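Participant: Quick one: sequence and predicted model below, then my questions.
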Amino acid sequence: MIFKSVSQLVDIHDKKVFIELINVYIRLVEVYCERNKVSLNNVTKLNKKLLVSYWIEIGIIKEEADIVMLKKMLGQEKYNRFLICSEFAVENANNIGDLLDKLNNSKRKEYQKMNENKYTLVDFFCGAGGLSLGFIQQGFNVKLANDIEDVCIETYLYNHPQLSSKKIIKGDIKEIVDNVESYLDTDIDVVVGGPPCQGFSSANQQRIIDDPRNKLYKYFIQAVEKIVPKFVVMENVRGMLKVADQVVEDYKNLKTEKDGIEYTYDVSYELLNAKDFSVAQSRERLIYIAIRNDVIDSLNISPDEIFKEIKEDCSDNLIFTLNDALMDIKPLEAQRIKNMNEVDDKKTGKKIDVNEFGLTNNPYLNLINEGRPIHYIFNHKSRYVNDINYEIYRRLNEGEDATNEKIADIMPYANRNHIFKDKYYKLIANKPSRTITAHLRMDCHSHIHPYQVRSITPREAARIQSFPDDYLFLGPYLKTYMQIGNAVPPLLARGIAKVIKKYL
C-alpha cells in the first residue's frame, strides 16, 4: 500500500508524504502529455461514480465523503489539477500503461500476487534500497526490509511495488529484533545489511567492536541468530578492517537453534571495489559473507570460495568511467537563486522530466537500466551555488582541488587547505568517479561536474551509483543526496547475489 486514505492521515509527516505522492502523480501525467504532445485541457469530465471508484482503487479515499477532506488538504488549485490528471489517466489508461502503477494500491497488490521469486531475502539498514535492488534483479524476494529513516522507507516503498508495505518496516532494529520471527512467514535464504559502525578510534581497547557506538552491529548479529539464514552478506566501510577479525570471531561464536537443530557459521571478508562490478565509480567496501554449517557441508563450499568465484565473475567486466554515467542526460545550468532547490525550472532541472535520451546505445545505461528504454528522468535537478563557488567551479580543471593556485585569491578556506584539500574537487570524466558519499547533502563542492559549471545532480550521483534512471528518490532535495550516498551500488549487490543464488 503506497497511499493511506486521506481520512487515515493523523500526523504532519503522513500528510506531507501524501501530498508529495499526489505531486508525483500530477507530474507523471504532465510529462506523459509533454512527451506525447497531447493536451490536458481537452479531458472529458468523468462521471462522479467512476471517479470515486478510481480514487478508492488508488487508495486516496475510502468513500465519496472523503473528497471534502481531500479538497481541504490539497487546496483548490492542486485538487483541480489532480482531478484533471485523474480524468486523463482513466480516459487514456491503455496508452499510459504502467506509468502510474506504483501510485495505485490495487495495482501494487496485483504485482505482489505475481511475485514468484523463489529466493528469500531480509535487508536490515536497507536505506533507499540499493542492496535489495541488486538482489531483486537476480531473482530474490524481499520478505522484510527495515530502516529507521522515514525518507528512506518512503523511497524504498515507492520503488518496490512487488513488495507489501507490511514487509517494509520503519523503526529501530532493536525494537524489531526480539520478535523478528513474527514478521516472517518462511525460511530465509539470505540476510543482508550494512550496520553503521563508529567506534574505530579506540585502538587501545581489546575489543573495539564492543564499543557502545557499535550497538547496531550487535543487533544485526542478534537478528542473524534469530532468523538463521543460509547466507549472510554484511557491508561496511573500509575502516571496519580494524575490527574485521573481531567480527569473524563473533560470527564463529554464533550458535543458534532452529527446529531442534543447532547451527553455526563460517565467515570470511574481502575488500571489494564497485568499479570491478562495472559501477562507474571507485568505491571500496568491506564485505563479509557468512555461510551456515549445513550448507557448507552439503555443498562443499566455503566463504573464501564464494569470494573467489565473485572475483572471477568480475574479471571480464567492463570498467566504466564517470563520462559513461554523465552521457545521454539533459545539460543543466547551476541554480543561482537561493531557496529554489525544490522548484522545477527548465534551465536548472526538474524532479520529474521527459528523458530526451530514452533510447540510447550507451552500454553503461543499458546495464544499469537492464536494457529498458526509460522515457522519464527523475531527480535531475541542479542545486544552488553562490557567486564565489560558481567562480571556483568555473576556474578549476578536471582533477584540480582547493589547493590550486588559480583559485587562491577567492578560496574561502585557504588557511585550512591542509585539512580541506578535497573541499573543492572537479571530477575527472575519463576515470571512474570518486566515491559518492552522503556528505553530498552538505554542499557538493567535492563533486564538481567535469564540463558543466555546477556540481552533480542527485540523478547523476544515482547513475554513478548504478541506480536505474526510473528509480525515484522521494523527500526533500538535499535528503536525496543522503539516500544515494549511503546506498550500496545495485550492480555490486547484483554481482554478489548472482554467485550466491547458484548455491540455493
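Facilitator: The structure has been received and is ready for your questions.
Participant: Every contact and neighbour count from this point should use C-alpha atoms.
Facilitator: Noted.
Participant: For residue 339, see how far away residue 441 is.
Facilitator: 14 Å (C-alpha to C-alpha, to the nearest Å).
Participant: These two: which is more packed in?
Facilitator: Set residue 441 next to residue 339 and count neighbours by other C-alpha atoms under 10 Å: residue 441 wins out with 17 against 10.
Participant: tell me the contacts of the more buried one?
Facilitator: If you count contacts by C-alpha atoms under 8 Å, 6 or more residues apart in numbering, residue 441 has them with 478-482.
Participant: Show me those residues that map onto strands.
Facilitator: Among the contacts of residue 441, no member falls in strands (DSSP state E).
Participant: Tabulate those residues (a markdown table), appending pLDDT and neighbour count.
Facilitator: Formatted as a markdown table, these follow (pLDDT from 0 to 100; neighbours: other C-alpha atoms under 10 Å):
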| residue | pLDDT | neighbour count |
| --- | --- | --- |
| 478 | 96 | 17 |
| 479 | 97 | 19 |
| 480 | 98 | 26 |
| 481 | 98 | 25 |
| 482 | 97 | 22 |
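Participant: Looking at those, which is nearest residue 263?
Facilitator: Taking C-alpha to C-alpha as the measure, residue 263 sits nearest to residue 482 out of these, at 37.7 Å.
Participant: any idea what sits nearest that closest one, other than its immediate chain neighbours?
Facilitator: Spatial nearest neighbour of residue 482, chain neighbours left out: residue 438 (4.2 Å); criterion: C-alpha to C-alpha, 6 or more residues apart in numbering.
Participant: per-residue confidence at that neighbour?
Facilitator: What the model reports as pLDDT for residue 438 is 92.
Participant: Near the spatially closest residue to residue 96 that is not a sequence neighbour, how many other residues are there?
Facilitator: Excluding the flanking residues, the one nearest residue 96 by C-alpha to C-alpha, 6+ apart is residue 89, at 7.1 Å. By the criterion of other C-alpha under 10 Å, residue 89 has 20 neighbours.
Participant: which stretch of helix or strand covers residue 89?
Facilitator: Element membership for residue 89 (DSSP states H and E) is helix 76-91.
Participant: shaky segments in the stretch 51-200 of the chain?
Facilitator: The stretch 51-200 of the chain contains residues with pLDDT under 70 at 197-200.
Participant: Go again with 80.
Facilitator: Scanning the stretch 51-200 of the chain for pLDDT under 80 picks out 116-117, 197-200.
Participant: returning to that earlier point: the residue nearest to residue 482 reaches residue 486, doesn't it?
Facilitator: Yes - if you go by C-alpha atoms under 8 Å, residue 438 and residue 486 touch, sitting 5.4 Å apart.
Participant: ok so, going back, now the residue nearest to residue 482: how far from residue 245?
Facilitator: 27 Å.
Participant: quick one, which of these two is more surrounded?
Facilitator: Between residue 438 and residue 245, residue 438 has the larger neighbour count (other C-alpha under 10 Å), namely 18 against 14.
Participant: residues contacting the more buried one?
Facilitator: By C-alpha under 8 Å, 6+ apart, the neighbours of residue 438 are 481-486.
Participant: let's see 10 Å
Facilitator: Each residue near residue 438 by C-alpha atoms under 10 Å, 6 or more residues apart in numbering is listed here: 444, 478-487.
Participant: same check, this time on residue 79
Facilitator: Taking C-alpha under 10 Å, 6+ apart, one finds 22, 67, 70-73, 85 in contact with residue 79.
Participant: ok, residue 134 - how many residues close by?
Facilitator: 24.
Participant: Please, which helix or strand holds it?
Facilitator: Going by DSSP H and E, residue 134 is part of helix 130-136.
Participant: quick one, phi psi at residue 285?
Facilitator: As for residue 285, its main-chain torsions (degrees, to the nearest 10) stand at phi -140, psi 140.
Participant: does it really touch residue 276, like I thought?
Facilitator: No - using C-alpha atoms under 10 Å, residue 285 makes no contact with residue 276, being 11.7 Å away.
Participant: Pick out whichever of those two has more residues nearby.
Facilitator: residue 276 (24 against 20).
Participant: Name the nearest residue to the more buried one, ignoring sequence neighbours.
Facilitator: For residue 276, ignoring the flanking residues on the chain, the nearest one in space by C-alpha to C-alpha, 6+ apart is residue 314 at 6.1 Å.
Participant: ranges for the helices of the stretch 251-400 of the chain?
Facilitator: For the stretch 251-400 of the chain, the helices defined by DSSP state H, counting those that start in this stretch cover 293-299, 303-314, 322-326, 363-368, 387-395.
Participant: To residue 77, which of those helices lies closest?
Facilitator: The nearest among the helices of the stretch 251-400 of the chain, by C-alpha to C-alpha, is helix 387-395 at 35.9 Å.
Participant: What residues sit buried inside that closest one?
Facilitator: Across helix 387-395, burial judged by 16 or more other C-alpha atoms under 10 Å covers 389-390, 392-394.
Participant: Let me know the closest of the residues you listed to residue 306.
Facilitator: Closest to residue 306 out of these is residue 393 (44.1 Å), distances taken as C-alpha to C-alpha.
Participant: ok, the closest one touching residue 399?
Facilitator: No - if you go by C-alpha under 10 Å, residue 393 and residue 399 don't touch, sitting 11.8 Å apart.
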